[in-house]
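Asks: fold the following.
(chains A and B)
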2 protein chains.
Amino acid sequence: MPLIRRLAVIGVGLIGGSLARILREKGEVEEIVGIGRGESNLQRGVELGVIDRYCLDPVEGVAGADMVFLATPVSTIFPLTASIAPVLDPGCIVTDGGSVKEEIVRQCESVMQSGTFFVGGHPIAGTEHSGVEASFATLYQGKRCIITPTPSTDPSALEKVGRMWEIAGSSVVLMDPVKHDRVVGAISHLPHMVAYALVNAVGGYDRFEESILSYSAGGFRDFTRIASSDPVMWRDIAVANRESIIEMMDLFARYFADLREMVEKGDGQGLQEFFARSKHQRDAIL
Amino acid sequence: MPLIRRLAVIGVGLIGGSLARILREKGEVEEIVGIGRGESNLQRGVELGVIDRYCLDPVEGVAGADMVFLATPVSTIFPLTASIAPVLDPGCIVTDGGSVKEEIVRQCESVMQSGTFFVGGHPIAGTEHSGVEASFATLYQGKRCIITPTPSTDPSALEKVGRMWEIAGSSVVLMDPVKHDRVVGAISHLPHMVAYALVNAVGGYDRFEESILSYSAGGFRDFTRIASSDPVMWRDIAVANRESIIEMMDLFARYFADLREMVEKGDGQGLQEFFARSKHQRDAIL
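Replies: You can find the predicted model right below:
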């Protein structure tokens, strides 16, 4: 028997479409309903066989679903959950793929009716592309998916969501939502803030008449690739995970100020130690 | 007639070895003498056909050369130039590949004897590997080489060095040494300082018992690749280009502080504009 009878995917793009594809490929879902605002994208999802049918209204679309996957921008996850919560079938599980968890999980748990369940999730996977056309069945293969239970999370709902991500090929890590937001704040949100600031700073250097960005070689381009990420998505993340991001930005700023101090003093030994410590830690995660 | 009769390469590694290989391949050099401190590397250079013979003593090695290429760490370029300057043949040109130029060019010019010439250079190319084994003839193909003449640079020496880099496949850009150090400070040295500080900051986060670096995914690894660079080389660069690096670090810190302000205030519109400006500038250099 498949794991899921009727899966409702809200937001049929790279994240939602890729989960739909792999669950169908593995025979672990009977029916997939796509929900979204862009009708042409949903029509394309049906043509590609990613979803069986679609619905523009979330309340209508989740009818009869035993699993709802929210793969929409973080700012929309709670409002959508609040709107569908009253109409869910008994036993239905709602889970999400948002990259911020503490506030979303608390808010979403608070609106669930008795006998329906919310489980927060965050698959650590993606590409720079978006839309259902960009989705593919192996996106989650060999990746990690962080699931963020709380003391009030239903154990069997948690198990089913974990099973779903294992079927998708991911290794599941359980983590407290607060810790999740710190970890992701450090390894993903902070680097994005740094990269965005770096490109703006170099682009804003006006001592010469031409932009010095034109001299950038491969190293600069690789290093700043994440500064080409979607501004609206990152605006939402920066607002939603504000507290963690501020904590991480301040931590970074202290290390950066220490390094500046050593450069100014010409402290060769201190610089070499600082760089060696970084290299050592970086090489350890290769 | 080949461009160069006898080329002396001081430092037969990735940079020096690759230039030797391409000049030989193009038939633009009659004889190549390798100079260095590591005899086994030099022996390997002879075995590989990168150099014809080698010499451990720079003063002895440059005898009879009409072109000397210094491909050694930036801290050694001036001392080496000072030691070989008195014994160079009339007409000999000394050039280098150091990534810092202002101070090196000024110092080196000051020790050249009448009738011999110094021309500063900086090929914008490299890989993460080092040593003569890592060198290859196409390293400079399609890359830029910045050459940094001053008012006292000899025009025909400048032309010959430019021709040498064009033969290597690079497009030659002439730039004032002061501007060079700012440009490279911005597009290369600053990103290294940022990456080193970022890895140290994330690695130093101690709110949880485990290191959060273990959760880093591909994005973090790509972004911090340059934080695995050689600590000794970067110590030398940070000391040699101190003034530019401090200027760039302060510029970056101002943009970073502005961004932090917007995150703290939850200024969604400001954040989106900041991110969009960065994305726009980044996409323009793709």
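Asks: up against chain B, what does the stretch 1-150 of chain A have?
Replies: A:Ile124, A:Ala125, A:Lys143, A:Arg144 (Cβ under 8 Å from any Cβ of the partner chain). Just so you know, the C-beta spots here come from the backbone N, C-alpha and C atoms, and that holds for glycine as well.
Asks: which one of those residues has the most neighbours?
Replies: Per-residue neighbour counts (other Cβ atoms under 10 Å in any protein chain shown) across those peak at A:Ala125, which has 23 neighbours.
Asks: list the contacts of the residue lying closest to it once chain neighbours are set aside.
Replies: Of all residues not flanking A:Ala125 in the chain, A:Lys143 sits nearest, at 4.3 Å (Cβ to Cβ, 6 or more residues apart in numbering or on different chains). Residues in contact with A:Lys143 (Cβ atoms under 8 Å, 6 or more residues apart in numbering or on different chains) are A:Pro123, A:Ile124, A:Ala125, A:Gly169, A:Ser170, A:Ser171, B:Ala217.
Asks: are any of those buried, and if so which?
Replies: The neighbour count (16 or more other Cβ atoms under 10 Å in any protein chain shown) marks A:Pro123, A:Ile124, A:Ala125, A:Gly169, A:Ser170, B:Ala217 as buried among the contacts of A:Lys143.
Asks: now, the most widely separated pair of the contacts of A:Lys143?
Replies: Across these, no pair lies farther apart than A:Gly169 and B:Ala217, at 14.7 Å, counting by Cβ to Cβ.
Asks: ok, the closest residue to chain B within the stretch 101-250 of chain A - contacts?
Replies: Closest residue of the stretch 101-250 of chain A to chain B, Cβ to the nearest Cβ: A:Pro231 (3.6 Å). Shown in contact with A:Pro231 (Cβ under 8 Å, 6+ apart): B:Leu271, B:Gln272, B:Glu273, B:Phe275, B:Ala276, B:Lys279.
Asks: make CSV out of these and add neighbour count, secondary structure and pLDDT.
Replies: Formatted as CSV, the contacts of A:Pro231 follow (neighbours: other Cβ atoms under 10 Å in any protein chain shown; DSSP: H, G, I helix; E, B strand; the rest coil; pLDDT from 0 to 100):
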residue, neighbour count, secondary structure, pLDDT
B:Leu271, 24, helix, 97
B:Gln272, 20, helix, 97
B:Glu273, 14, helix, 97
B:Phe275, 28, helix, 97
B:Ala276, 16, helix, 96
B:Lys279, 18, helix, 94
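Asks: out of these, which touch chain A?
Replies: The subset of the contacts of A:Pro231 within reach of chain A, by Cβ under 8 Å from any Cβ, is B:Leu271, B:Gln272, B:Glu273, B:Phe275, B:Ala276, B:Lys279.
Asks: quick check: A:Pro90 touching A:Gly115?
Replies: Yes. Assessed by Cβ atoms under 8 Å, A:Pro90 is found in contact with A:Gly115 at 4.5 Å.
Asks: A:Val105: how many residues sit nearby?
Replies: 28.
Asks: and for it, nearest residue in space, chain neighbours not counted?
Replies: Closest to A:Val105 by Cβ to Cβ, 6+ apart is A:Gly120, at 4.0 Å.
Asks: thinking again about what came up before, ok, now how distant is the residue of the stretch 101-250 of chain A closest to chain B from A:Asn200?
Replies: 12 Å (Cβ to Cβ, to the nearest Å).
Asks: quick one: the strands in the stretch 101-250 of chain A?
Replies: Assigned by DSSP state E, counting those that start in this stretch, the strands in the stretch 101-250 of chain A fall at A:117-124, A:144-148, A:171-174.
Asks: out of those, deepest packed?
Replies: strand A:117-124 (a mean of 24; mean count of other Cβ atoms under 10 Å in any protein chain shown).
Asks: pull that one out as PDB, backbone CA atoms only.
Replies: Taking C-alpha atoms only, strand A:117-124 is exported to PDB below (Å, rounded to 0.1, in the frame of the first residue of the first chain):
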ATOM      1  CA  PHE A 117      -1.200  17.400  12.500                       C
ATOM      2  CA  PHE A 118       1.500  19.800  11.600                       C
ATOM      3  CA  VAL A 119       5.200  18.700  11.200                       C
ATOM      4  CA  GLY A 120       7.800  21.200  10.200                       C
ATOM      5  CA  GLY A 121      10.400  20.200   7.600                       C
ATOM      6  CA  HIS A 122      13.300  21.600   5.600                       C
ATOM      7  CA  PRO A 123      14.900  19.700   2.900                       C
ATOM      8  CA  ILE A 124      18.500  20.900   2.300                       C
END
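Asks: what pairs with it, and is each one parallel or antiparallel?
Replies: strand A:93-96 (parallel), strand A:144-148 (antiparallel) (DSSP bridges).
Asks: which residues in chain A form helices?
Replies: A:14-25, A:39-47, A:58-61, A:74-84, A:102-111, A:155-167, A:177-184, A:190-203, A:218-223, A:231-240, A:242-265, A:268-284 (DSSP state H).
Asks: in the fourth one, what's buried?
Replies: Spelled out, that is helix A:74-84. Within helix A:74-84, the residues scored as buried using 16+ other Cβ under 10 Å are A:Val74, A:Ser75, A:Thr76, A:Ile77, A:Phe78, A:Leu80, A:Thr81, A:Ile84.
Asks: apart from its chain neighbours, what residue comes closest to the first one?
Replies: Right, A:Val74. Using Cβ to Cβ, 6+ apart, the closest residue to A:Val74 is A:Gly98 (4.4 Å).
Asks: and the one you found, how far from A:Val184?
Replies: From A:Gly98 over to A:Val184 (counting by Cβ to Cβ), the distance is 10 Å.
Asks: quick check: neighbours shared by those two?
Replies: What both A:Gly98 and A:Val184 touch, as defined by Cβ under 8 Å, 6+ apart, is the set A:His122.
Asks: how many neighbours does the closest residue to A:Tyr196 other than its chain neighbours have?
Replies: Nearest residue to A:Tyr196, sequence neighbours excluded (Cβ to Cβ, 6+ apart): B:Ser278, at 4.4 Å. Neighbour count of B:Ser278, defined by other Cβ under 10 Å: 29.
Asks: residues in contact with B:Ser278?
Replies: A:Ala195, A:Tyr196, A:Ala197, A:Val199, A:Asn200, A:Gly203, A:Ala227.
Asks: where does the fifth one land on pLDDT?
Replies: Just to be clear, that refers to A:Asn200. In this model, A:Asn200 is scored at 94, pLDDT.
Asks: once you drop chain neighbours, what's closest to A:Glu109?
Replies: Nearest one to A:Glu109, counting by Cβ to Cβ, 6+ apart, is A:Phe118 at 5.2 Å.
Asks: give me the number of residues near A:Glu102?
Replies: By other Cβ under 10 Å, 21 other residues sit near A:Glu102.
Asks: what's the answer for A:Ala137, then?
Replies: Neighbours of A:Ala137 (other Cβ under 10 Å): 19.
Asks: is it true that it touches A:Leu23?
Replies: No. If you go by Cβ under 8 Å, A:Ala137 and A:Leu23 don't touch, sitting 9.0 Å apart.
Asks: could you chop chain A up by domain?
Replies: A:4-175, A:179-284 (automatic domain parsing).
Asks: nearest to B:Gly11 among these would be which one?
Replies: domain A:179-284 (19.9 Å).
Asks: what residues are up against the residue nearest the centre of chain A?
Replies: Nearest to the mean C-alpha position of chain A, by Cα atoms, centre = their mean, lies A:Ser99 at 3.4 Å. Residues in contact with A:Ser99 (Cβ under 8 Å, 6+ apart) are A:Val74, A:His122, A:Val184, A:Ser188, A:His189, A:Ile237, A:Asn241.
Asks: 10 Å - rerun?
Replies: Applying Cβ atoms under 10 Å, 6 or more residues apart in numbering or on different chains to A:Ser99 gives the contacts A:73-74, A:122-124, A:126, A:146, A:180-181, A:184-185, A:188-189, A:233-234, A:236-237, A:240-241.
Asks: just the pLDDT at it, thanks.
Replies: For A:Ser99, pLDDT reads 93.
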